[in-house]
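J.: Just need the structure, nothing else, for what follows:
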Amino acid sequence: MLPVTNPHPEFQITRASHVSLGVTDLERSRDFYRDVIGLVVTAETDDVVYLRGLEEAAHHSLVLERADVAQAHRIGLRVRTDEDIFAAERFFTAAGIEHQRVERDYQGPTLQFRDPVGTLMEFTSSMDVVDRKMQQYNEFVAGAPQRLDHYQVVTYDVQRATEFWTGLGMRMSEYTAKDGTDELWGSWMEVKGNTHDLVFTNGRGPRLHHFAFAVPDGASLLHAADVAGALGFGDEIDRGPGRHGISNALFLYLRDPDQHRVELFNTHYQFIDLETPPIRWDISNPRRAQLWGMPASHRWFFEASEFPSEPVRDPLLQASPETLETYLGLH
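T.: Numbers count the residues shown, from 1 in each chain. Predicted coordinates:
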């Protein structure tokens, strides 16, 4: 049975907000996200760099933290008010969900927790406000990313993950299922009125597959690819440019110096009206992944960033997706 959205959750989640990554060469990673991707450096110390998109007024949407091991430290979501943080604490305590209040620089009340499939998450209700740069066109470089939009997490149990997050008020806009059934293989869930804030797909998890920034237009994706090539990162273009069937987005995926994956994308659609049902895609339909072009490579399907101290489990559902290598008969 497909999970059903709780229309009256105990607290209100508003959007995908910020992601924290452990990186092994902080300066090189900063340069990559500033020069190859096009993000703005808001602040930095010897051990942490804070970046944001050009239109963002929140202090940061990407936090790079110096680490011995490259991992995805936390995925961040915003809640509407401080009271929503307190309500989330009460809810997690009653539900037996592991959580803790923490102090995070440049953020208001912040609550960290582990969801039922092991995704390391963080809620905050506010951030320091900085100047938007959306009309500083002289500072638009590479892909000119405007704002953080969503995350995709690989999980061993898509059904369980989706039931938890729809229980917190997220709506499923699109999903993939085994042909002729409602056996979930992927769920695209949103709270802010477009196709997704948080995605779960079937595979070895929990791992962060990618985080995504919206760019102004399709030409920005081509320019980002050109800049990546010019700066020596052409081999780190992981997929694209192309167009997904799911979400209808134009996309370009790149890998950073630690192989964390970032997506630049454009053109997905509104999903606001409550009577609108989610779009279903059969798992056998290759158009769900790309409307045109060749399949993604093996590493796009099977590589992702692990979370600290979270064991990676094999998925409950087993599949062998067609990769670029199998499509071309290379393996």
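
J.: Okay, buried residues for stretch 305-315 please.
T.: Ser305, Glu306, Phe307, Glu310, Pro315 (16 or more other Cβ atoms under 10 Å). Every residue, glycine included, has its C-beta placed from N, CA and C.

J.: Pick out the most distant pair among the residues you listed.
T.: Farthest-apart pair in these is Ser305 and Pro315; separation 17.0 Å (Cβ to Cβ).

J.: that older thread, let me have the buried residues of stretch 305-315 in JSON lines, extended by distance to Thr162, pLDDT and secondary structure.
T.: Formatted as JSON lines, those follow (distance: Cβ to Cβ, whole Å; pLDDT from 0 to 100; DSSP: H, G, I helix; E, B strand; the rest coil):
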{"residue": "Ser305", "distance to Thr162": "21", "pLDDT": "98", "secondary structure": "strand"}
{"residue": "Glu306", "distance to Thr162": "21", "pLDDT": "98", "secondary structure": "strand"}
{"residue": "Phe307", "distance to Thr162": "19", "pLDDT": "98", "secondary structure": "coil"}
{"residue": "Glu310", "distance to Thr162": "19", "pLDDT": "97", "secondary structure": "coil"}
{"residue": "Pro315", "distance to Thr162": "14", "pLDDT": "94", "secondary structure": "coil"}
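
J.: possible to save those as TSV with distance to Gly234?
T.: As requested, the buried residues of stretch 305-315 are exported to TSV (distance: Cβ to Cβ, whole Å):
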residue	distance to Gly234
Ser305	22
Glu306	26
Phe307	29
Glu310	32
Pro315	32
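
J.: hey, where'd the helices end up in the stretch 1-150 of the chain?
T.: Using DSSP state H, counting those that start in this stretch, the helices of the stretch 1-150 of the chain run over 26-31, 82-95.

J.: swap that for the stretch 201-331 of the chain, sorry
T.: Using DSSP H, counting those that start in this stretch, the helices of the stretch 201-331 of the chain run over residues 218-230, 298-302, 324-327.

J.: Dump those helices into JSON lines; add mean pLDDT as well.
T.: Output for the helices of the stretch 201-331 of the chain, formatted as JSON lines (pLDDT from 0 to 100):
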{"stretch": "helix 218-230", "mean pLDDT": "97"}
{"stretch": "helix 298-302", "mean pLDDT": "93"}
{"stretch": "helix 324-327", "mean pLDDT": "88"}
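
J.: right, so of those, which gets closest to Arg287?
T.: helix 324-327 (14.4 Å).

J.: List the buried residues of the closest one.
T.: Within helix 324-327, the residues scored as buried using 16+ other Cβ under 10 Å are Leu324.

J.: And for stretch 121-132?
T.: For stretch 121-132, using 16+ other Cβ under 10 Å, the buried residues are Met121, Glu122, Phe123, Thr124, Ser125, Ser126, Met127, Val130, Arg132.

J.: From these, pick the one nearest Arg287.
T.: Met121 (31.4 Å).

J.: low-scoring stretches of the stretch 101-250 of the chain, by residue?
T.: The stretch 101-250 of the chain contains no residues with pLDDT under 70.

J.: do that again at 90, thanks
T.: With pLDDT under 90 as the threshold, the stretch 101-250 of the chain has low-confidence stretches at 180, 182.

J.: what about the strands in it?
T.: 110-114, 120-124, 147-155, 171-177, 184-190, 198-202, 207-214, 237-243, 250-255 (DSSP state E, counting those that start in this stretch).

J.: Dump stretch 91-101 to CSV, restricted to CA.
T.: This file holds the C-alpha atoms of stretch 91-101, laid out as CSV (Å, rounded to 0.1, in the frame of the first residue of the first chain):
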residue,chain,number,x,y,z
PHE,A,91,7.4,13.8,19.1
PHE,A,92,10.8,12.0,18.8
THR,A,93,10.9,11.3,22.5
ALA,A,94,7.4,9.8,22.4
ALA,A,95,8.3,7.8,19.3
GLY,A,96,11.6,6.5,20.6
ILE,A,97,13.6,8.2,17.9
GLU,A,98,17.2,9.0,18.7
HIS,A,99,17.8,12.8,18.8
GLN,A,100,19.7,15.6,20.5
ARG,A,101,19.7,19.4,20.6
